[in-house]
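K.L.:
please work out how this folds:
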Amino acid sequence: MTPEVDVAVVGAGIAGLTAAHELRRAGLTVRVYEQLPQVGGRMRSVRRQGWTVDTGAEQVAPRGYRATWELLRRVGATPADVPRVGGGVAVWRDGRAHSGVGEPSAVVTGAGLSVRARLDLAAFTARTGRRRARFDGDRPEDSPLGAATVRETTARYHRDLHDYLFQPVAGCFFGWDTARSAAAPLVSLLLEAGSPAGWHTYRDGMDFLARRLAADTDVVTGHPVREVTDAGDHAVLRCDDGEVRAQAAVLAVPAPVAAALRPDAPADERPFLTACTFTPMLKVSCLLERPLAPAARRPVHVLLTPAVEEDVLSGVVVDHAKDPGRAPAGRGLVTLVAGPRRVPELLDAAPEDVARLLTDAAERYVPGIGGACRDHLVHAFRHGLPEATPEALRERGAFMARPVRAVEYAGDWVMLRPASEGAVRAGALAASRVLSRLGGHRPAGTERAEAIRATA
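P.N.:
Okay, the predicted model is just below:
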């Protein structure tokens, strides 16, 4: 068998492109197969009439995103490419927006919390701070919180801590049901990322990094892969137009998709693949005639709308506040995030109906948004973000200890870290595992054999 490439990567999201980048640096030939017509995965951007519309939502924190910043430096990104986010995070309560969510001052200012809840927030912060070293984002299963859900973890505190902090954060940013998702990944991520006041964004759309990585990578778009098989000494990809053989394959797709592509997954992989369920996500981006935003004492780029206050929405993202370049001068761009409980029923609804429902609900927070909206885009992801259930947390250790094989995996779900940093780290990990296996193998391009042996 003569492989067509050394490594075939399925999925041109951040995880797949990171894996491809690392493997190419080691001298391997790599080809990335992407089902969609463009790269980026859940970090795609759409450009229309002067607007840059992110299909998802992503911020880059100055802390806790070491692998992302390293990768950005490697692809030549400048500080101007990754500017600070404009505005903070607020939560809606009692008819108005309360600023300062996630900032250290919240224990004093409240950020929507009652006095008793602020005291409990201070206690929770002190408790986790004392054990901060044990909150490792790369190993959330080892956290002091164990496999407790977000709701279980917050049950000992004033109910505001759940209703006006953890639930709206988990619901808007991750699409999580707090009764189903484990607290450890969320708390670990929040501790590492720090205050939203220091977050950064991408100047030219959230697909900036994906486009940079894809620029010098062999990427085949519009090319779905139907099945991937581990043949022992190589991997086989079955596509509509035939088979592709490679010395190794990396499945950089959501866990449910990976499980469907690998019906022959070994017994030590299947439990985690099955446990790694995903939450669906649905958003409506409104292209506005003028730059509207929720009224707040301080500018905000995200307004969280708690489930106890709002049924249709989980949040409002003011994209033109996050970065002015997202909208033409004098215009606005606001993205409405559907509430987790409503998303399943809306996934198959007509886009016009979805846009109308979410826009009508948003009038409460952004008055006039319906009349100012000149166009809208609906973004639906059946596999939005890893749900990080207690079962997945319990199965992760065995999955991470599995032997290296011809088929590897990458994605934020591998790390149970629902952020682009998790995807970058998982991509780098998959590349490292592939290189450890191919160290003694002859590459598809024999002239690169010495390079591979030197770097493996």
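K.L.:
ok, for Arg342, nearest residue in space, not its chain neighbours?
P.N.:
Distances taken as CB to CB, 6 or more residues apart in numbering place Val312 nearest to Arg342, at 5.8 Å, with adjacent residues excluded. Bear in mind the C-beta positions are built from the backbone N, C-alpha and C, glycine included.
K.L.:
what does Val82 give?
P.N.:
Distances taken as CB to CB, 6+ apart place His200 nearest to Val82, at 4.8 Å, with adjacent residues excluded.
K.L.:
residues contacting the one you found?
P.N.:
Gln59, Val60, Ala61, Pro62, Val82, Pro83, Arg84, Val85 (CB atoms under 8 Å, 6 or more residues apart in numbering).
K.L.:
distance of the spatially most central residue of the chain from Asp412?
P.N.:
Central residue check for the chain by CA atoms, centre = their mean: the C-alpha nearest the mean position is that of Ala419, 3.6 Å away. The gap separating Ala419 from Asp412 is 6 Å, by CB to CB, to the nearest Å.
K.L.:
Thr279: neighbour count?
P.N.:
When neighbours are defined as other CB atoms under 10 Å, Thr279 has 24 of them.
K.L.:
chain center to the helix or strand hosting it: distance?
P.N.:
Element membership for Thr279, per DSSP states H and E: strand 278-288. Taking CA atoms, centre = their mean, to the nearest Å, one finds strand 278-288 lying 14 Å from the centre of the chain it belongs to.
K.L.:
Asp204 - how many residues pack around it?
P.N.:
Neighbours around Asp204, by other CB under 10 Å: 14.
K.L.:
pLDDT on stretch 151-163, on average?
P.N.:
Here stretch 151-163 scores 96 as its mean pLDDT.
K.L.:
ditto for stretch 237-248
P.N.:
Rounded mean pLDDT across stretch 237-248 is 95.
K.L.:
got the contact list for that stretch?
P.N.:
Residues outside stretch 237-248 that contact it (CB under 8 Å, 6+ apart) are 1-8, 10, 31, 33, 223-229, 233-236, 249, 406-408, 434, 437-438, 441, 443-444.
K.L.:
list the buried residues of that stretch.
P.N.:
Under the neighbour-count criterion of 16 or more other CB atoms under 10 Å, stretch 237-248 has Leu237, Val244, Arg245, Ala246, Gln247, Ala248 buried.
K.L.:
ok, stretch 274-284 next?
P.N.:
Along stretch 274-284, these residues count as buried under the neighbour rule (16+ other CB under 10 Å): Ala275, Cys276, Thr277, Phe278, Thr279, Pro280, Met281, Leu282, Lys283, Val284.
K.L.:
got JSON lines for those residues, with distance to Pro294 too?
P.N.:
Below are these laid out as JSON lines (distance: CB to CB, whole Å):
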{"residue": "Ala275", "distance to Pro294": "38"}
{"residue": "Cys276", "distance to Pro294": "35"}
{"residue": "Thr277", "distance to Pro294": "32"}
{"residue": "Phe278", "distance to Pro294": "29"}
{"residue": "Thr279", "distance to Pro294": "25"}
{"residue": "Pro280", "distance to Pro294": "25"}
{"residue": "Met281", "distance to Pro294": "21"}
{"residue": "Leu282", "distance to Pro294": "20"}
{"residue": "Lys283", "distance to Pro294": "17"}
{"residue": "Val284", "distance to Pro294": "16"}
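K.L.:
those residues: which two are farthest apart?
P.N.:
Pairwise distances across the buried residues of stretch 274-284 peak at 31.0 Å for Ala275 and Val284 (criterion: CB to CB).
K.L.:
the longest strand seen in the chain: how far from the chain's middle?
P.N.:
In the chain, taking DSSP state E as the definition, the longest strand is strand 373-386. Here strand 373-386 shows a centroid-to-chain-centroid distance of 14 Å under the convention CA atoms, centre = their mean.
K.L.:
give the other helices and strands that it contacts.
P.N.:
Counting contacts by 3 or more CB pairs under 8 Å, 6 or more residues apart in numbering; DSSP states H and E, strand 373-386 is packed against strand 45-48, helix 255-261, strand 278-288, helix 351-362, helix 412-415.
K.L.:
nearest to Val115, out of these?
P.N.:
helix 351-362 (30.0 Å).
K.L.:
what helices or strands is the closest one leaning on?
P.N.:
Other elements packing on helix 351-362 under the criterion 3+ CB pairs under 8 Å, 6+ apart are strand 278-288, strand 313-318, strand 332-338, helix 369-372, strand 373-386.
K.L.:
and the ones you listed: which comes nearest Gln167?
P.N.:
Gln167 sits nearest to strand 313-318 of all these, at 9.1 Å, using CB to CB.
K.L.:
so how far is the helix or strand that the closest one is followed by off the chain centroid?
P.N.:
The C-terminal neighbour of strand 313-318 among helices and strands, as given by DSSP H and E, is helix 319-322. Relative to the centre of its chain, helix 319-322 is centred 19 Å away, using CA atoms, centre = their mean.
K.L.:
over to stretch 205-219?
P.N.:
16 Å.
K.L.:
for the record, mean pLDDT for it?
P.N.:
Taken as a whole, stretch 205-219 has a mean pLDDT of 95.
K.L.:
my read: Leu23 touches Leu435, true?
P.N.:
Yes - the criterion here is CB atoms under 8 Å, and Leu23 meets it with Leu435 at 7.1 Å.
K.L.:
how many residues are close by Gly87?
P.N.:
By other CB under 10 Å, the residues close to Gly87 number 21.
K.L.:
just the pLDDT at it, thanks.
P.N.:
Gly87 is assigned 88 on the pLDDT scale.
K.L.:
make 50 the first number, not 1, from now on.
P.N.:
In the new count, where the first residue is 50, that last one comes out as Gly136.
K.L.:
check contacts around it.
P.N.:
By CB under 8 Å, 6+ apart, the neighbours of Gly136 are Arg347, Pro348, Val349, His350, Val351, Val367, Ala370, Lys371.
K.L.:
wait, which of those is closest to Gly224?
P.N.:
The closest of these to Gly224 turns out to be Val351 (CB to CB; 14.3 Å).
K.L.:
tell me what that closest one is bridged to.
P.N.:
Beta bridges link Val351 to Val138, Val366 when assigned by DSSP bridges.
K.L.:
so who does Ala106 touch?
P.N.:
Phe222, Met255, Lys332, Val366, Thr384, Val386.
K.L.:
let's see that with 6 Å instead.
P.N.:
Taking CB atoms under 6 Å, 6 or more residues apart in numbering, we find Ala106 in contact with Val366.
K.L.:
how's this structure carved up into domains?
P.N.:
54-84+271-324+438-504, 152-241 (automatic domain parsing).
K.L.:
my read: Leu210 touches Asp169, true?
P.N.:
Yes - Leu210 lies in contact with Asp169 (CB atoms under 6 Å); the separation is 5.4 Å.
K.L.:
give me the more crowded residue out of these two.
P.N.:
Higher neighbour count among Leu210 and Asp169: Leu210, with 23 against 20, using other CB under 10 Å.
K.L.:
packing partners of the host helix or strand of the more buried one?
P.N.:
Leu210 is part of helix 208-210 when elements are defined by DSSP H and E. If you count contacts as 3 or more CB pairs under 6 Å, 6 or more residues apart in numbering; DSSP states H and E, helix 208-210 packs onto helix 164-179.
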